[in-house]
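Participant: Need a 3D model of the sequence below.
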Amino acid sequence: MHHASVDSPRRSVAPRTAARVALVLGLCSVVLLALVVGEWGPLTTVDRDAARTTHRWAVADPEATRVCRILTDWVWDPVTMRLLGAAVAVWLLWRHADRWTAGWLVVTAALGTVIQQALKAAVGRARPVWPDPVDSAHYAAYPSGHALTATVVCGLLLWLLRRHGAGTVLWRTAVTVAVISVVGVGLTRIWLGVHWPSDVLAGWLLGAALVALAIAAHLRFRPCPTEPAYRAHRAERRGDAGWRGRRGS
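Facilitator: From the prediction side, this is the model:
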């Protein structure tokens, strides 16, 4: 029996929607990049005023600054986020034997790293400089790698949770944690005086655009459960499970 006609409308519309979202976010990222490179006056003023204010707060409140450093250096650090993504990829391989999605997750996270480093090298924007810094960072400022990486990893994992039918409690908890992480890491970078606000905004926009583009690719190219290769793989998995069950009995 041929089932492709049943799945085709959903599989054709959903990728287009995700691709349109990626396009809009990508255009917003390009506009912001142009404003930053062109040193647009209003944006530069907002960046400097916000950076001065938050730095003054950071110097005046060392306890809050210490908490921000722990969060940004350990909890929401890009390495931590990438390790989380890698752990989920291993789980997808071990629990579901889903090599396609595991590879998609790893490649998307790696692509985010390449994009951020390429833009840092191309734009070469200087980080804020303070006579009494509370933290330091390497490489150029634009875009924020912390904000981009957190957005990519949290966005992809949320979509996978939804796709795998997460329960209401788990879903709401995951959304809450993801929002706090993505917003929180951006705010800590500004608080610690190592990024301009527009650097963080760029990281959020680029990360969200990459997530939308990755979702479009997943919906468009991943084998459908009705396709022969996928059905054969699932049958093989069921056969292995049955053999292990008979052996255990």
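
Participant: Apart from its chain neighbours, what residue comes closest to residue 214?
Facilitator: Computed as CB to CB, 6 or more residues apart in numbering, the closest residue to residue 214 that is not its neighbour in sequence is residue 108, at 4.3 Å. Just so you know, the C-beta spots here come from the backbone N, C-alpha and C atoms, and that holds for glycine as well.

Participant: how close does the one you found sit to residue 177?
Facilitator: 20 Å (CB to CB, to the nearest Å).

Participant: which residue is nearest the middle of this protein?
Facilitator: What sits nearest the mean C-alpha location of the chain, by CA atoms, centre = their mean, is residue 152, with 0.8 Å.

Participant: How about residues contacting the helix or strand residue 169 falls within?
Facilitator: Using DSSP states H and E, residue 169 falls within helix 168-191. With CB atoms under 8 Å, 6 or more residues apart in numbering as the test, helix 168-191 has contacts from 50-51, 54, 57-58, 64-65, 68-69, 71-72, 75-76, 144, 146-147, 150-151, 154-155, 157-158, 161-162, 166, 195-197, 199-201, 203-204, 207.

Participant: So between residue 108 and residue 177, which is more surrounded?
Facilitator: Using other CB atoms under 10 Å as the criterion, residue 108 and residue 177 rank with residue 108 on top: 21 against 13.

Participant: Residue 156 is in contact with the more buried one, correct?
Facilitator: Yes - with contacts counted by CB atoms under 8 Å, residue 108 reaches residue 156, the gap being 6.2 Å.

Participant: Give me the common contacts of the two.
Facilitator: 211, 214.

Participant: What are the buried residues along stretch 93-112?
Facilitator: 98, 101, 102, 104, 105, 106, 108, 109, 112 (16 or more other CB atoms under 10 Å).

Participant: I should have written stretch 132-144 there, sorry.
Facilitator: 133, 134, 135, 137, 140, 141, 142, 143, 144.

Participant: May I have it exported as PDB, CA atoms only?
Facilitator: Extracted as PDB, the C-alpha positions of stretch 132-144 are listed here (Å, rounded to 0.1, in the frame of the first residue of the first chain):
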ATOM      1  CA  ASP A 132      37.800  48.000  36.800                       C
ATOM      2  CA  PRO A 133      36.600  44.900  35.000                       C
ATOM      3  CA  VAL A 134      34.700  42.100  36.800                       C
ATOM      4  CA  ASP A 135      35.400  39.500  34.100                       C
ATOM      5  CA  SER A 136      37.300  38.900  30.900                       C
ATOM      6  CA  ALA A 137      36.700  37.100  27.600                       C
ATOM      7  CA  HIS A 138      38.600  36.100  24.500                       C
ATOM      8  CA  TYR A 139      38.100  36.700  20.800                       C
ATOM      9  CA  ALA A 140      36.000  39.500  19.300                       C
ATOM     10  CA  ALA A 141      32.600  40.500  20.700                       C
ATOM     11  CA  TYR A 142      30.100  40.100  17.800                       C
ATOM     12  CA  PRO A 143      28.100  37.900  18.100                       C
ATOM     13  CA  SER A 144      27.800  36.400  21.600                       C
END
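
Participant: Thanks a lot, catch you later.
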